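Student: Build the 3D model from these lines:
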Amino acid sequence: MLVAAAVCPCPPLLVPDVAAGAAPELDAARAACTDALGVLAAARADRLVVVGPAEQSGRGAHPEGSRGTFRGFGVDLDVRLGRNGVRTPEGPAGSGPVEGADRPLPPSLAVAAWLLGRTDWSDAPVEGLGVGEPLAAERCIQSGREIATRAERVALLVMGDASACRTLKAPGYLDDRAAGFDAEVAHALGAADVAALQTLDAELAYELKASGRAPWQVLAGAGEGAGLAGALLYEDAPYGVGYVVAAWS
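Tutor: Numbering: from 1, shown residues only. Have a look, this model is predicted:
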């Protein structure tokens, strides 16, 4: 059953080494992410599942110990999906390497791994799931339902951005629908409104380049019947991209 969730944006710019001189511009977002992950740690879950958008090569499961890198962004920085500082592609003692741990993390999960590395996470096992933008809402929701049954106490770290069309200089240029869409998303995430997330307009999300739609709907499936309360910790659109941070507990 889902006992806690943290929702964070996933731009590599969250990593100060990547942002370089522009790093202070996202200090408030980083602080909010730290607070959201603190909610996860306090929940003492039996399992943490990290969900984020992924291109074709990064879709599917990523076991604990999977590696990610920011070298493609010009930074000599590598991360591993781990718990409590554990950064090895090994399973339990004597089990040897975990199958699939050599498959690179998609950027969204690499950012998540970096965030977890800054958090005093518990000893609960961690796994990643990369989801593709085209994944239909029904399949996202069903995936979330299945995740919620994997342990008695499940926590989710959900990565994804809102629209990329908030300004003329945004990656997707200015779209007048973007601000309204982002406000709807922020309200739903802040209120832990499962029904609102399940009915997000997937076509509109695609047109507005909102990478978080599928991960948010995985969260919506996992949150069914959990009765969690939400808190909106951050909402802004630096660089014309909507970033939302929320915590459910």
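Student: was I right about residue 54 contacting residue 109?
Tutor: Yes: if you go by Cβ atoms under 8 Å, residue 54 and residue 109 touch, sitting 7.3 Å apart. Heads up, the C-betas are built off the backbone N, CA and C, glycines and all.
Student: Okay, the residue nearest the centre of the chain and residue 227: tell me how far apart.
Tutor: Note on the chain: the residue nearest the mean C-alpha position is residue 159, at 1.4 Å, using Cα atoms, centre = their mean. Residue 159 is 24 Å from residue 227, where distance means Cβ to Cβ, to the nearest Å.
Student: Likewise for residue 45?
Tutor: Relative to residue 227, residue 45 is positioned 16 Å away (Cβ to Cβ).
Student: Where is the longest helix in the chain?
Tutor: The residue-count maximum for a helix in the chain (DSSP state H) belongs to helix 27-43.
Student: Which residues are in contact with the closest residue to residue 149 other than its chain neighbours?
Tutor: In space, and not counting its chain neighbours, residue 149 is closest to residue 1: 7.8 Å by Cβ to Cβ, 6 or more residues apart in numbering. Residues near residue 1 by Cβ atoms under 8 Å, 6 or more residues apart in numbering: 148, 149, 152, 153, 154, 226.
Student: Would you mind confirming that residue 64 makes contact with residue 126?
Tutor: Yes: the criterion here is Cβ under 8 Å, and residue 64 meets it with residue 126 at 4.9 Å.
Student: Now do the shared contacts for residue 54 and residue 109.
Tutor: Residues touching both residue 54 and residue 109 (Cβ under 8 Å, 6+ apart): residue 130.
Student: just the strands in the chain please.
Tutor: 2-8, 47-53, 60-62, 67-69, 78-80, 126-131, 154-159, 230-236, 243-248 (DSSP state E).
Student: Let me know which of those strands is the nearest to residue 139.
Tutor: Residue 139 lies closest, by Cβ to Cβ, to one member of these: strand 126-131, at 9.0 Å.
Student: Remind me what the closest one packs against, helices and strands.
Tutor: Packing contacts for strand 126-131, counted by 3 or more Cβ pairs under 8 Å, 6 or more residues apart in numbering; DSSP states H and E, involve strand 47-53, strand 60-62, helix 107-117, helix 137-148, helix 213-222.
Student: Tell me which of these lies nearest to residue 231.
Tutor: Nearest to residue 231 among the helices and strands packed on strand 126-131 is helix 213-222; the distance by Cβ to Cβ comes to 14.5 Å.
Student: Touching the closest one from outside, list them.
Tutor: Residues from elsewhere that reach helix 213-222 (Cβ under 8 Å, 6+ apart): 2, 5, 7, 51-53, 108, 129, 131-133, 135, 137, 140-145, 147-148, 154, 156, 158-160, 185, 188-189, 194-195, 197-198, 200, 202, 205-206.
Student: Quick check on the residues you listed: which are buried?
Tutor: With burial judged by 16 or more other Cβ atoms under 10 Å, the buried subset of those is 2, 5, 7, 51-53, 108, 129, 131-133, 135, 137, 140-141, 143-145, 147-148, 154, 156, 158-160, 185, 188-189, 194, 197-198, 200, 202, 205.
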